[in-house]
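**Student:** How does the following fold in three dimensions:
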Amino acid sequence: MEPIRTRMAPSPTGWLHVGTARTALFNYLFARKNSGAFVLRIEDTDRERSRQEFESDIMTHLQWLGLSWDEFYRQSERSEIYKKYVEKLLQDGRAFYCAHTKEELEEERTMQVAAKEPPRHICSQRDQGRGEGIVRLKNTAQGAVLFSDIIRGAISFEAQLLGDISLARNIAAPLYNFTAVVDDFEMRISHVIRGEDHIPNTPKQLLIQRALGFPAPQYAHLPLLLGTDRSKLSKRHGAVSVREYRDGGYVPEALVNFLALLGWNPGDERELFTLSDLETEFSLEKVQKAGAVFNEEKLKWMNRAHIKRLAPEALADRIAPFIEHAGFKLTADTLQRIARVEQERLEVLDDSAVNAPLYQDDPAYDAELLRWKGTQEYNEIARHLTEVRRILCDTPDDTYNEIHAIMDLIMPYADQQGRGSVLWPLRVALSGRKNSPGPFEIIYVVGKEAALRRIDKALQLLEQ
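**Tutor:** Numbering: from 1, shown residues only. Below is the predicted model:
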């Protein structure tokens, strides 16, 4: 049995799209499940549109998702290989230089579209080319071009409706279908797993393979990604690049999990998977034919679930760039404490910056906010804050390393005097907000000294 070898072949003409990332993921998973190789091939023969920053973005974000490749190629570095095969087809009489001008070809296409015929060019001057112009495959095939798709079953195209297939703009400028065929052969690709929008390319590639004497790989065409309105996913539906989700605070574990379930399911009710889980579970036989809806709310739910799975130390590393970007400089210890406090609340990592101000800066607020239900007397508030301050002063420093230890200190007094009467003004004194994390969590993050200082400021405010 030939080894399993898959490939991802993006063009560096834009940021890595989530649809391309999903295709890369399925290729990666199929290779890993079958102990095969995953090849990354940058298709950069379009020199006008290809850009280095897009290539870097593709590689950076595939790695961010955890999709490591075993081999790497750039088509721009393989021009001599393509030229060799173009020359072979020309020498064998299987390809020719098309003598028709660009204007003639455009006129022909316009007439075909108007007549509701499939656009194609069957060249009437196959033997008149003089070494310049588009190089075309001499399509002499009759009947149907058939192939078996792993996901969709038997697919058929009428050979003559394909016309004479374009191979290269000139001997040194190969086109997509030709380079894909040559590279898949040279790289020994066993399975071509790609989006269903590539189905019309497949019969053309099969005819090129036949002309070159190449064996055909197995094909599997994935369902398209759809917006919630069931149209093809595009920018009007929101973010579409992996970098936008990364910058928006999504974790790679969640995006991988979410993309895997767009078109594939494990056959049961499970929804949360790690990349390692997917490497074991994935199979092309469980990929559906229908388009897969990209549901942002489901992605957010998965992101929250995967954030909860992170160790606090790991979460602290993840939230640090977002807090720093918001303009706050916090110590590593404070970040870890914030991670423990905020972990249950985070939907995206960027949410961690919302409460960063209250952990770094002493709050400013009106004394009225200290009143429980707006009716509590100031002297009662002062009495409760003074007692809590005494309790905190008499507590060893190591007690502040555990939220529950802080809670155990204060709760007996709060239960005795009334939780709302004690805890509301304490939380406001610490946060300056109507809504915030609880007082024990804030004390745990900011520490003994800052907590006492904030309580003192509240007492001064009450005196005024």
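**Student:** For residue 409, what is the enclosing helix or strand?
**Tutor:** Following DSSP states H and E, one finds residue 409 within helix 403-417.
**Student:** Give me the pLDDT for the closest residue to residue 282 other than its chain neighbours.
**Tutor:** Leaving aside its chain neighbours, residue 282 sits nearest to residue 29 (3.9 Å; criterion: CB to CB, 6 or more residues apart in numbering). Where you see a C-beta, it was placed from the backbone N, CA and C, and this is true even at glycine. According to the prediction, residue 29 has pLDDT 98.
**Student:** Now do the SS call for residue 29.
**Tutor:** helix (DSSP: H, G, I helix; E, B strand; the rest coil).
**Student:** try residue 420
**Tutor:** Of the three states, residue 420 takes helix under three-state DSSP.
**Student:** and the gap between it and residue 51?
**Tutor:** Applying CB to CB, to the nearest Å, the value for residue 420 to residue 51 is 60 Å.
**Student:** Same check on residue 227?
**Tutor:** Separation of residue 227 from residue 51 (CB to CB): 27 Å.
**Student:** Which parts of the helix or strand hosting residue 60 count as buried, going by neighbours?
**Tutor:** Element membership for residue 60, per DSSP H and E: helix 52-64. Neighbour counts using 16 or more other CB atoms under 10 Å place 54-55, 57-59, 61-62, 64 of helix 52-64 among the buried residues.
**Student:** contacts for the least confident helix or strand in the chain by mean pLDDT?
**Tutor:** Least confident helix or strand, the chain: helix 102-114 with a mean of 88, by mean pLDDT, DSSP states H and E. With contact meaning CB atoms under 8 Å, 6 or more residues apart in numbering, helix 102-114 is reached by 100, 118-121.
**Student:** Flag the shaky bits of the stretch 101-250 of the chain, pLDDT-wise.
**Tutor:** Across the stretch 101-250 of the chain, the ranges flagged by pLDDT under 70 are 129, 235-239.
**Student:** got a list of what the nearest residue to residue 218 once chain neighbours are set aside touches?
**Tutor:** Excluding its sequence neighbours, the residue lying closest to residue 218 (CB to CB, 6+ apart) is residue 191, at 4.9 Å. For residue 191, the contact set (CB under 8 Å, 6+ apart) comprises 4-6, 27, 30, 150, 217-220.
**Student:** can we see that at 7 Å?
**Tutor:** Going by CB atoms under 7 Å, 6 or more residues apart in numbering, residue 191 touches 4, 6, 30, 217-218, 220.
**Student:** phi, psi of residue 154?
**Tutor:** Backbone torsions of residue 154, given as degrees, to the nearest 10, read phi -70, psi 130.
**Student:** Give the burial count for it, as a bare number.
**Tutor:** Under the neighbour criterion other CB atoms under 10 Å, residue 154 is assigned a count of 8.
**Student:** One more: residue 138?
**Tutor:** A count of neighbours around residue 138, defined by other CB under 10 Å, yields 18.
**Student:** looking at it, it is touching residue 126, isn't it?
**Tutor:** Yes: if you go by CB atoms under 7 Å, residue 138 and residue 126 touch, sitting 5.9 Å apart.
**Student:** Now for those two: what residues contact both?
**Tutor:** Residues touching both residue 138 and residue 126 (CB under 7 Å, 6+ apart): residue 96.
**Student:** tell me what the host helix or strand of residue 180 is packed against?
**Tutor:** If you go by DSSP H and E, residue 180 is part of helix 176-186. Contacts defined by 3 or more CB pairs under 7 Å, 6 or more residues apart in numbering; DSSP states H and E place helix 176-186 against helix 79-91, helix 201-212.
**Student:** element containing residue 73, please.
**Tutor:** strand 71-74.
**Student:** which residues are contacting that strand?
**Tutor:** For strand 71-74, contacts defined as CB under 7 Å, 6+ apart pick out 37, 39-42, 44.
**Student:** do the same with stretch 325-332
**Tutor:** Contacts with stretch 325-332, where a contact means CB under 7 Å, 6+ apart, come from 323, 353, 356, 359-360.
**Student:** One more: stretch 442-449?
**Tutor:** Residues from elsewhere that reach stretch 442-449, judged by CB under 7 Å, 6+ apart: 334, 337-338, 341, 358-359, 392, 397, 400, 403, 406, 430-431, 451.
**Student:** Of the contacts of residue 191 - the most surrounded one?
**Tutor:** Highest neighbour count within these, by other CB under 10 Å: residue 6, with 27 neighbours.
**Student:** With that, I have no additional questions.
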